[in-house]
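J.: Give me coordinates for this.
(2 chains)
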Amino acid sequence: GDSVTQMEGPVTLSEEAFLTINCTYTATGYPSLFWYVQYPGEGLQLLLKATKADDKGSNKGFEATYRKETTSFHLEKGSVQVSDSAVYFCALRYPSHTGGFKTIFGAGTRLFVKA
Amino acid sequence: DGGITQSPKYLFRKEGQNVTLSCEQNLNHDAMYWYRQDPGQGLRLIYYSQIVNDFQKGDIAEGYSVSREKKESFPLTVTSAQKNPTAFYLCATGEGGQEQYFGPGTRLTVT
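T.: Got it, this is the predicted structure:
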C-alpha cells in the first residue's frame, strides 16, 4: 500500500544553518504531496504542497520539489531561525477505494534550532 | 473567521467511562476526519466522513464511535472498550486531493 518515510529526528541546527528533511513515498497512483508543521500543543498547519510531478511548493523560505523519478519530496530551507523549531510532517493524499480521499502521514521530524 | 474548533483542549476521565470529543467546522467542507497522535508518532486515522449521515472506519477504529448528523459537526466518542485512550486527538477537514485543515486538538488523559 501507499506509505511515507521521513528521516528520524530530532534534528538540531544552529540559527542560519541549511535545513534538509528527507521524505520518500510509495504510491500506486499520482498523489498530492504536502509538508505540515506542528508547534507544541497545536494542530497541524499546511507549510507547502505540490500536486503533480516536478511541481515545487514553497512558503516562508521552505521549499520542496515533487520528484516522481526518485519518489521524494525533501524539505529544504536555506537559513533556519529559532522560530522554525517545530515538528514537520510529510504527507501524501490519495483517492480512497471506498470513496473520497485519505492522507498518509510520515512519523514526523522534530527540529530544534539554537540561537 | 473560518476554521475548526475542538473542545475541550484538555480532558480527564476515569477508566471505564465513555467520553465524547467535540469537533465543529465552518469551512463548509464535506469531508471530516479524526486522527490520533501518540508521542513521537505520526497521525493515525480513526474515522472519516465524506458526507452527512455517512462515515467509514479508518485504521484504528476499534473502541471509538462517531456520528455525522450535521455537515458542521463530527463528534468522536472514546468508549471504555478502547484499551489505550490517552492520546492527542485531532479533527480535520479536507476537500478532494487538497490540503487538510486541522483543529487545535484535544488532549485526553484517562486514569
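J.: Could you find the closest non-adjacent residue to the residue in chain B that chain A sits nearest to?
T.: Per CB to the nearest CB, the residue of chain B with the smallest distance to chain A is residue B:102, at 3.5 Å. (Glycine included, C-beta is placed from N, CA and C.) In this structure, residue B:102 finds its nearest non-sequential neighbour in residue A:43, 3.5 Å apart by CB to CB, 6 or more residues apart in numbering or on different chains.
J.: tell me which residues form a beta bridge with the residue of chain B closest to chain A?
T.: Counting by DSSP bridges, residue B:102 is bridged to residue B:92.
J.: tell me the contacts of it?
T.: By CB atoms under 8 Å, 6 or more residues apart in numbering or on different chains, the residues touching residue B:102 are A:43-45, B:4, B:90-92.
J.: Quick check: residues of chain B near chain A?
T.: Contact residues, chain B versus chain A (CB under 8 Å from any CB of the partner chain): B:4, B:6, B:31, B:33, B:40-43, B:45, B:48, B:50, B:56, B:58, B:90, B:92, B:94, B:96-105, B:107.
J.: List only buried entries from the residues you listed.
T.: B:4, B:6, B:31, B:33, B:42-43, B:45, B:48, B:50, B:56, B:58, B:90, B:92, B:94, B:97, B:99-103, B:105 (16 or more other CB atoms under 10 Å in any protein chain shown).
J.: So which of the residues you listed belong to strands?
T.: The strands, defined by DSSP state E, take in B:4, B:6, B:31, B:33, B:43, B:45, B:48, B:50, B:56, B:90, B:92, B:94, B:100-102 from these.
J.: Can you name the residues of chain A that neighbour chain B?
T.: If contact is defined as CB under 8 Å from any CB, the residues of chain A in contact with chain B are A:31-32, A:34, A:41-46, A:49, A:51, A:89, A:93-95, A:98-103, A:105-108.
J.: List the buried residues of the worst-scoring helix or strand of chain A on mean pLDDT.
T.: The helix or strand of chain A with the lowest confidence, counting by mean pLDDT, DSSP states H and E, is strand A:101-105 at a mean of 92. Residues of strand A:101-105 classed as buried: A:101-105 (neighbour count, 16+ other CB under 10 Å).
J.: With stretch B:79-87 instead?
T.: For stretch B:79-87, burial by neighbour count (16+ other CB under 10 Å) applies to B:82, B:85, B:87.
J.: partners of the residue nearest the centre of chain B in the sheet?
T.: With distances taken as CA atoms, centre = their mean, residue B:34 lies nearest the centre of chain B, 3.2 Å away. Bridge pairing for residue B:34 (DSSP bridges) gives the partners residue B:47, residue B:91.
J.: residues contacting it?
T.: Contact analysis of residue B:34 by CB under 8 Å, 6+ apart lists B:23, B:45-48, B:58, B:64, B:66, B:74, B:76, B:89-92.
J.: 10 Å instead?
T.: B:21, B:23, B:43-49, B:55, B:58, B:60-61, B:64, B:66, B:74-76, B:89-92, B:103 (CB atoms under 10 Å, 6 or more residues apart in numbering or on different chains).
J.: quick one: residue B:20 and residue B:75, what's the gap?
T.: 5 Å (CB to CB, to the nearest Å).
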